[in-house]
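**Student:** Quick one, fold the following:
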Amino acid sequence: MADEDAADRASQEIKALLRRLDPKDSSHKDRIRRLNKFRNFVTGESGGGTPEFYDDDIPLLLLGSAAPTALLGDHADLFEDNANQIYGLLQACGTPSVEHDHMLKRSARHAMNLLKFLVCDFVEDGQSAGELNLFAQGFCSFPVDKYRYMSLDLHLIGDQRGGAKEDACSVMVLLLTKHMAEDGETPSPLAKEDLLASQQAHKAFDLWVQQHATKQQRDLIKTNAEKRKEEMAKRDDTLGGGGDGLSNDEDDLDGSDKDEADGYDEDDALAGLKRRKKTAKKEMLEATQAGELEEINGPAMRWEDSQLYREQRARFAAHQRMQEGGEYHDTVRDSQEAAAEMAEREEEKSKLLRRDPLGLKDADFDLRMLETNQVDFLEQALLELQEELRKAEAGGEDDQALRAKKESLEMILDSIVGVAGADAHLANTGKSILPTNPNFDPILFLTLVHRRATYEELVSSMNRLSTDTQNQVKQLQDMVRENFALFLRCADGIDTFNEKTISQSGPGLVDRLNRLDALAESCAHQAKKSFKPLLDNANEVRKVQSALAVLRRVEAVLQAPYLMRQHVENGRFSAALKAYRRVQVIDDSCNIEILIHVKNQAAECAREARRELEGRLAQEGITVSGLLDSIRDLGELLEFDIPNDPKEAEKVAGSRYRAASMKAVGTFVIGGTTINVREYPPALACLLLQAAHFTFLVNSAIEEADNTTQRIFEGESLSSQGKLDSDLKSGVGDDKKQPGGNNNQWKYDVLEARSLATIKAVEIVSKWLPRLLEVAIAAREDEKRRAARASARGTSGKDIQLTPFEVFLSSISPSVSKLIEHAAFCGLGSAPRGSGMEIKMSFGKKSPEKLRVLLKSPLPPSQSSRVGKELAAMVEVLGQSSITLNQLKPLPGEPTRGNIYTMSPLDEIRTLGEQSVMTIERRRCIYAFDICARGCSSRATGSGKFDADALLACLRTLSDELTRPELCASEVEKGCELVIRKCCDGLASYVRDRGDSSRLSAVAECADVLQDRMTDVVREIGYLTNNAEAVEEVMMEDIMGLEGAMFDEFLESIRSSATSCCRMGWLDQKTDLSKEISNDSPVIGFPPYLSASLLAIVRVRAQVEQTLGLKIRRSEGQSYQHIAMATVAEGVAEGICEQIQQRKMTLKVRQADRLANEMQFLLNTLRNYIQPESRSLLEQTRRMLCSKAGRGAGIQGDGPDGLAALEELERLGRVYVLCLGQ
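**Tutor:** Numbers count the residues shown, from 1 in each chain. Purely as a prediction, here's the structure:
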């Protein structure tokens, strides 16, 4: 019903457009607006979508009342009610301009643009490349004479006004390449001479074709022109060459006008006869080219085809044309004089039109300039008023008159913009200021022309107007008074002439009258004798025309069987039903044989349509929209109560077009299930047929999976496309296969076959379950409508039929459950322990033990991931379908054939699907984290890399792929902990047999993870589980434990190595005390033990900085570099103090004094790195040395070195201090 409403809307839009195309009943803007609105309607931009059209809408749209009645169908009464001619789109393309000769109306350009869009650019839904749309098919099937309405010559050579050259040439190319006969199938070639008359238009079209047309189109145009020429030559030969008269006459008229008098005097009778003959030929040629007279080939068979009648018609048409433009003249000289006189009158008229009728403007004023630019002058006037109003307001005055004028002009401009609409660039308002124009508006005239005129000037100028009736009567009375004597003399002269004429009548006059009567009688007798065959033929023609008129009135009924057969063959069942409705007007008691025959043929077509629709309901490859359309069309067809044919079964049995699944008329066998569709309503029958197809597909899928796995087990291999490869050897068992890498290939093939079987099962559910639900909803709606009709008739449904919900319970739900169990078995194999889930084997129960074990085993990770996505999509389909299925439940109080479950039959099936998806996704998590843990452990053990990026990538992949992450939280948490633990174990194994640099690298890896990667990892964990804090705590504990152990071992190692750099061997050497050393001799060189100690600290600083940089240790809040340097510095301080304590008793005064200075330098240098305990130890040692050197008795600074030695140490050790970063 929706398609019919859309088609009826399209018919209404077409009629509304045709009413606006007539230039007499509409303005230019109305036509443009309606053309644009119809284009938006066709393209669907108006919001209603792409419309549907009836077949008889296209001729009505293109030709209007000029369309053949046979093509109009139901629109034929439109012309019977309307006596005037109705313009079509072709007539609108060729509407001539009234004011401009040899030009078109401005709306013709827009009409041609719409025509080109409809026939060339518009693309229907489902239209293939190179196929004509419905507009182009109807347009290319018209007779040749219909294309003359478009006035293509004016479009090509009059493009400056109203013409659309580009669009017209595109339409001509379509006609010259795709023109067909009226049946719409037989090619009927055309030449450009059939469409264009002038040579100038030919040249313009040829130039356009060379520039824009493709080579294929140019070749096809040339070929069709040759075929058209041959066809016309054959037609002329068949008719005896009777059609060359006009062309020869046209050649005779090509000479100049002076040839008329060659060889004859001007007053010669033969010259006058020749002139009249040439004039008649010229008139006939012009009438033929103008379309007012048709060309006739062969001898005349009717009076209308005779030469005399055609000359009279041509002369009458010439008179009409000349009367429209002026008087009629027989000679060229008279025509030239008349043209000059007409030009003078037009010039005088132009002068009068541009003058001001009130006489207030000067002679240079041109009223027509204002006429063509009304909007511009109105806007200029508005700007002037605004300027005057602004000046008045600036002067402190409020001029209400100016404000009122301004508001009035604004209202006029607003109304103009509203009227213009889509054509807002027009320069006029739709009204005229010319007094001779029918649309003259005095208000607009005064606003534009005399806006500044005073009241007194307007009153005084009114005397110039002479249109008052009383003034005219007064002028007539004055004229009679002035010429009364002349009137009396004329009356007396007329009476005297009349009396003399009567007195002269006598016998001579009577004889002449008698002879004239006898001559007239003889002429009449001869005419009757000569034209009797023509008159008899005319009577026969009138009879035939009368019969033809009767046939035309019932043409739509007579053509109904033919149209129905065409529509049924092309699958347009709605149009076939529309045609069958016309036949229903034939009563059963009708005695007219032709109508009885038409009704029988239409009934046969209806039965054929019913069988075709029933066959479409039983197809599995048809789309859902096609099924719903077939259900609707079949339901409407059954409402007509089609008479049964006893021999229908025999006709169908012998037909080669019978459907493969059709067993008998209305009976189909699908997968072993027999269904008689005529026992059920169309929607319910369609549901049963589609349910049978679904059940057959489910069983076939399970059997195919069983056969595939069995054949693989027997030795055949499975290709990557999921097809069996029979070329390979077919082994009989595992015992005959040679050991090697390919012995277990059959296992991989079986697992791949399981994944393919799961994907196929999901495809079946995703495609067929929504399909069956849409058909069931349609059946439920039909059930409600039938119940409403039965309730309105007062009849109760005693025979309770199946309901769509019962069909789902009995036929569809078991198959869906079977298919879901099959998909769960193929995807999972078996349920995990302790899950409480039961997976039934859908196939392979009788297979060998090895194959059964493999069928029950889980799928590998890659296949499990692919199957999980498919199962998740299947569960989503089941959820949506379960909600939809609840709409099919019968309402309380409705009769049913059994008990109806309160729970949807798909809920239990969906539960199994949910459990399957949950199991698959948990396995995916376990597989993913296991692979990640093994990879991270391998990289940590082999290269000392803590690969937290792999864990992050794994988490992101799971976050994108998992559909139910909340059910996999435990697996995610344990998996993350496992990966971190494996990484820590791998790093510990990597450092176990290596040195300090490896330990420091391991510490750097842990520090990087703690500082940079753990935040991202924890965030991704938070997306998958709600226990991210606990997981973070466990992972941080493992990582920080490893980092602490590695860094503590590194610090212990560098502390012990720093102690060995503090040996003071020079204290053990014996010195000669007899030699005196002057007090002013400087210390030679920097102490070696200090140099070695400071270099050890610098080396540790460089090593830590290169590996860790300035990273802060999470547990202490200090940088790793500072901690390492402090540890080495404390080791150095403790080692030096230990060395001095060991030699305290053997120290000499000078040695003690030197060591005291060196201790002071060391204390100053390492003050920022050593702890207070170490600093106190150094200070105690220094004081002990000072007391040993005797500085405590007031000789502080007076030793052999004194302050000079300390300064020398600071100078020599400056480079070490700089290396320490101070």
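**Student:** ok, which stretches of the stretch 901-1050 of the chain are helices?
**Tutor:** Shown for the stretch 901-1050 of the chain, the helices assigned by DSSP state H, counting those that start in this stretch span residues 905-943, 948-961, 969-991, 996-1008, 1014-1024, 1028-1059.
**Student:** Equivalent analysis for the stretch 151-300 of the chain, please.
**Tutor:** Using DSSP H, counting those that start in this stretch, helices in the stretch 151-300 of the chain cover 152-157, 165-178, 199-212, 215-239, 245-252, 269-289.
**Student:** repeat for the stretch 751-900 of the chain
**Tutor:** Using DSSP H, counting those that start in this stretch, the helices of the stretch 751-900 of the chain run over residues 804-807, 813-828, 849-856, 861-885.
**Student:** nearest to I1136, of the helices of the stretch 901-1050 of the chain?
**Tutor:** Of all the helices of the stretch 901-1050 of the chain, helix 1028-1059 sits nearest to I1136, with 9.4 Å by CB to CB. The C-beta positions use only the backbone N, C-alpha and C, and glycine is treated the same way.
**Student:** That closest one: what's the following helix or strand?
**Tutor:** Under the assignment DSSP states H and E, the closest C-terminal helix or strand after helix 1028-1059 is helix 1088-1108.
**Student:** name the helices or strands packed onto the helix or strand following that next one?
**Tutor:** Using DSSP H and E, the helix or strand that follows helix 1088-1108 in sequence is helix 1120-1142. Contacts defined by 3 or more CB pairs under 8 Å, 6 or more residues apart in numbering; DSSP states H and E place helix 1120-1142 against helix 1028-1059, helix 1088-1108, helix 1149-1165, helix 1172-1189.
**Student:** Dump those to TSV, plus mean neighbour count and distance to A191.
**Tutor:** Shown next, in TSV, are the helices and strands packed on helix 1120-1142 (neighbours: other CB atoms under 10 Å; distance: least, CB to CB, whole Å):
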stretch	mean neighbour count	distance to A191
helix 1028-1059	18	83
helix 1088-1108	19	92
helix 1149-1165	21	112
helix 1172-1189	17	115
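**Student:** now those in JSON lines, with mean pLDDT?
**Tutor:** Shown next, in JSON lines, are those (pLDDT from 0 to 100):
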{"stretch": "helix 1028-1059", "mean pLDDT": "81"}
{"stretch": "helix 1088-1108", "mean pLDDT": "77"}
{"stretch": "helix 1149-1165", "mean pLDDT": "77"}
{"stretch": "helix 1172-1189", "mean pLDDT": "79"}
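**Student:** of all the ones you listed, which lies closest to L370?
**Tutor:** helix 1028-1059 (82.0 Å).
**Student:** Now do that closest one: which elements does it pack against?
**Tutor:** Contacts defined by 3+ CB pairs under 8 Å, 6+ apart place helix 1028-1059 against helix 969-991, helix 996-1008, helix 1014-1024, helix 1088-1108, helix 1120-1142.
**Student:** Out of those, flag the one nearest L360.
**Tutor:** helix 1014-1024 (86.2 Å).
**Student:** Helix 948-961 and that closest one, what's the angle between them?
**Tutor:** 20 degrees (axes from the mean of the first three to the mean of the last three CA atoms, to 10 degrees).
**Student:** Any buried residues in helix 1014-1024, and which?
**Tutor:** 1014, 1017-1018, 1020-1021, 1024 (16 or more other CB atoms under 10 Å).
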